[in-house]
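[1] coords below, sequence missing:
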């Protein structure tokens, strides 16, 4: 292979501390190099043209560019060499900017190091092979996991774009956290008024199939061709015939079931429809509380149901759906704040979460929109809001900022004043984070127009004092101790990854951070992609998010899916593993360790061999480092390529 | 199998051998071959014995000379119905091969017996003044080996002639078998393996350790007997040692490549090696190549509490992981 | 010929030291538990009581040797124009090997017929062979695995050697067998040894007397061809073979080699290294086809080569010197004597080809 | 090109493409000064790194080897660094038996955003290697020095 | 006199590279030393070892006719490390050549006889020098028939000269491919079957054949059916070779060394050898 080497000055970014001409001169001595030069800006149009011309003039078979990081311009230059008729994998980069010129000023050492890096890149390039993508058909259906606002947005955008959508929601209604909110900041819009119609759209959209009260059991396949096994959990109610009339709920004698929708404020019946606007509006039996299911006695609902849809024998059911892309919108859960002993660890009924307070504020909630102390039903006068409960707190393993608590607390303080004009709200906070359009103005209104007392400091203790709760904290601005006699304490509990997020991630083969939030493809440039092709993220599953951000991500994920499906066929990344059938002994170690299930056994002349499914292989190379005899090689990162790089550096 | 067993037990040896032969006789009609040991070119050596016909069984001899780990032959006989006579340590190799799906359990018939240890030929050679080329007579009891060589008689204590692996054996009985002849001695797998020798070596200075290997491997002839005798070197004809793609090693006679090969061997055996010691026994120039594998096993044990060759259903630690590794303390920068 | 010389045992080390002044001297010594031919070091004891673990094959046929050094260079005017300079690397200097055994050195006579053939002389081998002298020790007592007498040799065979040293009481009688050998026997440490000639004969005869009767191998070449297609025979013979290279690399007469290139940057070397016909790679073709796909095929070739193919083109000389190392050092105790005898005694089954 | 005599030692880095290579980029973008000894080989994932590459580098004359991947749970390929952690840990602890100081090889995790951490890692690893000095060379011009040093020790 | 170093290749320059098929390339090379070039002679069927220094050597038949004095031609099918490396070379590149090695086709003994060439795939390469030699000495030989087959038209080497062979009056050329292919105007069928269709007379005829082992096996059967005796069939073998001078020990079949006693054998000679192809 005749190799051309281009050493970039990057203006003075590199040239200032690397003698690029000397690097080019040294490169001329390397095996294979027939042309080497230094250029001002290799990535510029004239710079790229120079590469194209050199390829033609010197009949080059491969190119090394020594410049910035390949994370910046590898794609650019691959297109350049492709333009000159070379396969785009006959290209290597040496990073002499981020890894050399920018991290030290010793020109001699930098030049010397650059020469090494170019030698290494050249040795690797000499072992590069042209790689070709394979095309494969795609199934233009999309799975949306989670029916919160992000999932709804993604589903509707996709469906409107003409795609068939399968939505899987684990609870018996879609709507997610937003459906539980009374109002939204900073406009104080009615949450269910703006979300409700979108939920109805989901139910009515001809392109959307909704599986509520269902979970993902298994995911197989790869971008374009996933196969999903959905578990439809037993509802004990035949949803095909259930009309949602609610008679069963009225007659059900077991009225002590946990009301999950209302965050445990109040109780509900064992057979229930979570809330009047639920989508789908279907009843389901909570088997933990139904006496027919627990004790075999009762059966009232079956008797009263006009459509005869009660079925106590119902079992979980599995359905298989084939899709080409997946949007994950599994949202978040509230942090379990009972770890905080200083807040009573859950022992005081009048210390509640912000979300419970939302349900209390909501006209359709368990209190009919009246603010009442859970302990005695009395209207509170002094209400203390505590910020950063399970946020920005290393001691409970939650060092991150949930981001939206400051805003909902301000909103709740405002609503409190609306509901109870005589009340006084106190907010203990650390910092006010109100970055967003009209957000800061909103918190100001809470303070200034609604007379909410903001106290910068942490609460050190809450303890009961008669009927009230004594809230003791510090006011760090005043430098004094503060005590408030509170009737009700509302904790701004932070968000954490939803329960089961990591298990789902493993099924999706996507990665997640140490808190269980899903990892985006790139923190800046790929906010809704994951590292598994065809799997996208929307909403708070990627990290705590407020409604507009969740919606934006839902739309962004939808746009990604629509973009992906704009082609009839996809091209696979050819940097995948390949099995040398002659060397494979069929021990299966690669199959065992492949995180993607991309290697399968096959028969070859009566012997077992490994076989890579190119479209599933993600190119991590775990198989290559696992195979003792090197029979499976990750193309573009083969053992011989890495060994040649090692040898280029280490020659005694 | 350092268990000192009384002289009166010698009769047992004869008895279980007969029982073993009966077992093989019973099974042979259903099998293509049964592998055991028989006498070899002199009274001090045994050799693997492939029994295909009934009369072959008569030649079977189990003794402290039955050093070879016959599990090495199993992957090459895949597809055939094979019987194999195993010492406790050999049976662990069988377990490993089963674990890695390199043999089919239903094709293998395992004959176990209570093993009281095998000899280390190099110890005998030393005891005989460095020469075992003219052995005229050899008889073994539980406690002694009587050898006549060059018209001189030697009575050597068996305990001192046993292979190192035997003096600290924790698995004298096959861990897996279809037939077991004789009384089981009792496995002690729960006890820790003994790595005192490795630890002693590790206490040497860096140049001493490095220098030791440079010197030892200088005489390596790269015959790869260590590899080919290893029951778990299953790459066989496709070993990285001789391949050009991947090109890990040159064919030049240099210590670097010889040493590198031993590291490759040890690493590829990490979590798989049962320390049967065949690598070292097979070495025609007596290089102590087992130590690398022992060190690897020591690390595997300390880090993952894992021991190879006891559970056919287990996953070797380097082919699995835990999100949280209790025994890995990462460097703090 | 110059007269026979005598060397006192006590003077042996001094004599070797003398020889080491002009030559590179190899003598057997303990390395670990193995006895290896190593560069003579007066500070280290030599071990010559018994045959060494390894023959001194490497002194003439190194485990690996450079054949060609090559250098790539570029025309500075046109970097595409690459010049390659390939330089042969011929060995230099003279070597004396002390303490080899008759079988060890007779192995080189098997090499000679091949490597010194008129039209295809191997210059590397020739350079070493001509400049290496062997002072061979006659064996006093053959080992269980010895069978030199099967292959027309004896414990005192001097073929290939330059000096035959026979140990007698308190010393060695040194008989020159070549000009090179004569030159080695000029030291003042040596005295005339004519008077020991009868003792020497005794030692030789005594040693030979230890060996049992040798079987007749004259039928071996044909018999081995007869069983060529009898794969069952070879599969049984090779059943316990591990396909390692212990037998071939320890064999004084195994001479096969491999040629491989290694490069670093613009420089590289073409090496010749010992190769092992028992390994599958030996005949593996790039296409994946292998004419000797199993260890049975390969063992057949090894035995066949020594006892049939080689004799067929080299006047019936069996290419085995009977040192027995392949038996002694085989990790699984394969005995080539048994295989040859079984082939000779093999009666083709009726009805079979 | 040889290392700059007296100034640098030969340190090879194996970095995963997604996290640590990006972390090293971030350090560069932040102009975080680092010693110049290290040369980085980019691999897709720390799981791609056969620990034998580490030994190969040492045996070919490297004085130190540094491996860095994504933090556990952050692997781009979900599991690669979990495998890597086990394998590299074992090799790290194995090295002493050959006669290499285990400190010649370290592995760690650096995310794409942790430029400062990368600087810290490179700086302290380079110091660590300089403290150890050059590794013994088995081949090449310095091999005979090694041999005599080793022989003296025996 | 100093002995010749048989392992030291003669340096040569690649003059021309012809991409024959997707995996076959033909190299025309000239020795750098004009003296060597001028004195170089070889016989059809002899082989040479091509060296890519740093990668290694591989054996190929010299497939230019011995009558061409200005270059040597080798056709290389990409199968392994060395052939892949050779495929990356281009005009002006240097390679090492050790040639000629081995024996050659007994063309003298074939004089006055009819000749049938049967080549499959890359197996056409060894036949080419002999055929061209015979065409250059046309009057010495009887009827010459060529049957050349490949998997498909794109796998057919020497494409550029096939037309001229077809057009020659003194050569009967049959081309065949294994399976139907659009635009193919010649025979479709496996070589042994096509051979039976052509049915050349075995009378005073020699068949020269080379190709993959499976083709050879069935071609030999077909020739037998057509009445060819073993002595009338000549083939050329391929084995892994290293030294090329009968020393290194891997290319032997019994006591014959393919590098020295071959590569050309008659079917009769092959039957004498142990059965180990």
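    Okay, I see it. A quick note: this is a predicted structure, and the numbers were derived from the prediction, not measured. Residues are numbered from 1 along each chain as shown, chains lettered A, B, ... in the order given.
[2] neighbouring strands for the longest strand seen in chain E, and are they parallel or not?
    Using DSSP state E to define each element, chain E has its longest strand at strand E:10-21. Here strand E:10-21 is paired, per DSSP bridges, with strand E:24-31 (antiparallel), strand E:94-101 (antiparallel).
[3] starting at the chain centroid, how far to that strand?
    From the chain centre to the centre of strand E:10-21 is a distance of 17 Å (Cα atoms, centre = their mean, to the nearest Å).
[4] before we move on, back to that, redo the strands paired with strand E:10-21 as JSON lines? Include mean neighbour count and mean pLDDT.
    Quick note: C-beta positions are derived from backbone N, CA and C, even for glycine. Below are those laid out as JSON lines (neighbours: other Cβ atoms under 10 Å in any protein chain shown; pLDDT from 0 to 100):
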{"stretch": "strand E:24-31", "mean neighbour count": "22", "mean pLDDT": "96"}
{"stretch": "strand E:94-101", "mean neighbour count": "22", "mean pLDDT": "95"}
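[5] related to what we said a few turns ago, list the buried residues in the longest strand of chain E.
    Within strand E:10-21, the residues scored as buried using 16 or more other Cβ atoms under 10 Å in any protein chain shown are E:10-14, E:17, E:20-21.
[6] quick one: mean pLDDT over it.
    Taken as a whole, strand E:10-21 has a mean pLDDT of 95.
[7] residues making contact with it?
    With Cβ atoms under 8 Å, 6 or more residues apart in numbering or on different chains as the test, strand E:10-21 has contacts from C:84, C:86, E:25-33, E:36, E:71-72, E:75, E:89-99, E:150, E:154-160.
[8] next one: stretch E:243-252
    So stretch E:243-252 is in contact with C:114-115, C:117, C:120, C:122, C:255-259, C:275, C:277, C:282-283, C:301, C:305, C:309, E:6-7, E:47, E:49, E:59, E:98, E:101-102, E:239-242, E:257-262, going by Cβ under 8 Å, 6+ apart.
[9] generate a PyMOL selection restricted to the buried subset of these.
    Selection command for PyMOL covering only the buried members of the contacts of stretch E:243-252, criterion 16+ other Cβ under 10 Å:
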select buried, (chain C and resi 114+115+120+122+255+256+257+258+259+275+277+282+283+301+305+309) or (chain E and resi 6+7+47+49+59+98+101+102+239+240+241+242+257+258+259+260+261+262)
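[10] among the contacts of stretch E:243-252, which ones are in strands?
    C:257-259, E:47, E:49, E:59, E:98, E:101, E:257.
[11] show me which of these is closest to residue B:299.
    Closest approach to residue B:299 among the ones in strands among the contacts of stretch E:243-252 (Cβ to Cβ): residue C:258, at 35.0 Å.
[12] leaving out the residues flanking it, which one is nearest to the closest one?
    Excluding the flanking residues, the one nearest residue C:258 by Cβ to Cβ, 6 or more residues apart in numbering or on different chains is residue C:275, at 3.8 Å.
[13] over to residue D:41?
    Residue D:41 sits nearest to residue A:645 (Cβ to Cβ, 6+ apart), 4.8 Å away.
[14] now do the one you found: how many residues are near it, please.
    29 (other Cβ atoms under 10 Å in any protein chain shown).
[15] residue contacts, it?
    Shown in contact with residue A:645 (Cβ under 8 Å, 6+ apart): A:120, A:123-124, D:41.
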